[in-house]
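Undergrad: no sequence on this one, just coordinates:
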């Protein structure tokens with residue numbers, strides 16, 4: 001019976017754990033590495049899983065998900081390295097930590113997969129990008145894919161694209177919330193009650209996302225369907241172009257990519 005361990009039981013760690021349980025993983029196939037006694041008791045009570053030390057989790061599991069802060073990764077790897085073995089799968093959800101960094105601190109032959117998740121995983125609508133390390137085969141990648149599919153969608157990308165992924169989907173929810181926040185404030189400025197402006201904006205976002213996902217149409221096509229010649233939408237879009245919003249998004253995402261590179265290099 002193959003076992004999966006989740007080391008790091010913060011918000012994202014528990015999100016992954018709960019997603020695996022909902023996806024049908026048996027609790028006797030799951031282990032959690034967590035040092036805080038109160039948190040361990042909480043997780044055992046909530047999910048019925050065994051909460052053990054990080055070393056025991058690493059020793060017993062076939063797949064180990066490392067859901068720790070990037071700055072804590074080296075310490076956790078040093079702690080568990082002696083319990084790891086060739087053929088075992090490590091799945092890292094730590095932003096900016098390369099597969100090479102992990103492979104240099106674990107035994108030769110341990111398979112490493114790097115994941116860039118995002119926060120909509122909290123509501124099972126996550127977008128995760130996974131990249132293979134030096135010792136991964138298709139079976140390892142498929143297991144990492146299944147792991148992250150429990151909380152949303154998954155794509156495979158070369159590791160060199162992970163900084164761009166971070167800029168698009170990793171940081172992406174914040175851009176969307178920024179736009180939503182701006183639209184709500186504009187609605188209030190135009191005379192709407194805040195609750196009404198909020199409901200209008202959020203449902204417009206949800207509906208627009210559903211149309212993109214379900215129709216498969218290019219966003220340009222959908223935008224043009226809303227934009228009548230010389231109409232209200234055309235007037236609004238002209239202002240967005242005048243203020244170079246498209247260019248601002250490009251510059252913002254380039255800045256996020258560059259910062260991701262800096263973090264990966266320890267800057």
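TA: Cool, got the structure. None of these values were measured; they are calculated from a predicted model.

Undergrad: need the helices for the stretch 101-250 of the chain, in chain order.
TA: 138-149, 162-165, 172-189, 194-215, 219-226, 232-242, 245-264 (DSSP state H, counting those that start in this stretch).

Undergrad: and residue 61, which of the ones you listed is closest to it?
TA: Ranking the helices of the stretch 101-250 of the chain by proximity to residue 61 (CB to CB) places helix 138-149 first, at 11.4 Å. (Glycine included, C-beta is placed from N, CA and C.)

Undergrad: For the helix or strand bottoming out on mean pLDDT in the chain, name the packing helices and strands.
TA: Among the helices and strands of the chain, helix 37-47 carries the lowest confidence by mean pLDDT, DSSP states H and E, at a mean of 90. Other helices and strands packing on helix 37-47, by 3 or more CB pairs under 8 Å, 6 or more residues apart in numbering; DSSP states H and E, are helix 11-22, strand 30-33, strand 50-52.

Undergrad: Which of these sits closest to residue 126?
TA: So among the helices and strands packed on helix 37-47, helix 11-22 is nearest, using CB to CB, at 8.1 Å.

Undergrad: Name the surrounding residues that touch the closest one.
TA: 4, 6-7, 9, 27, 30, 32, 43, 47, 49, 65, 67, 93, 117, 121-122, 124, 147-148, 150-151 (CB atoms under 8 Å, 6 or more residues apart in numbering).

Undergrad: cool, and stretch 260-267?
TA: 70, 95, 96, 97, 98, 162, 163, 166, 167, 170.

Undergrad: Could you tell me how many residues sit around the nearest residue to residue 122 once chain neighbours are set aside?
TA: Spatial nearest neighbour of residue 122, excluding adjacent residues (CB to CB, 6 or more residues apart in numbering): residue 15 at 5.3 Å. Residues lying near residue 15 (other CB atoms under 10 Å) number 23.

Undergrad: Please report how far residue 15 lies from residue 55.
TA: Counting by CB to CB, to the nearest Å, the separation of residue 15 from residue 55 is 24 Å.

Undergrad: Understood, closing this out.
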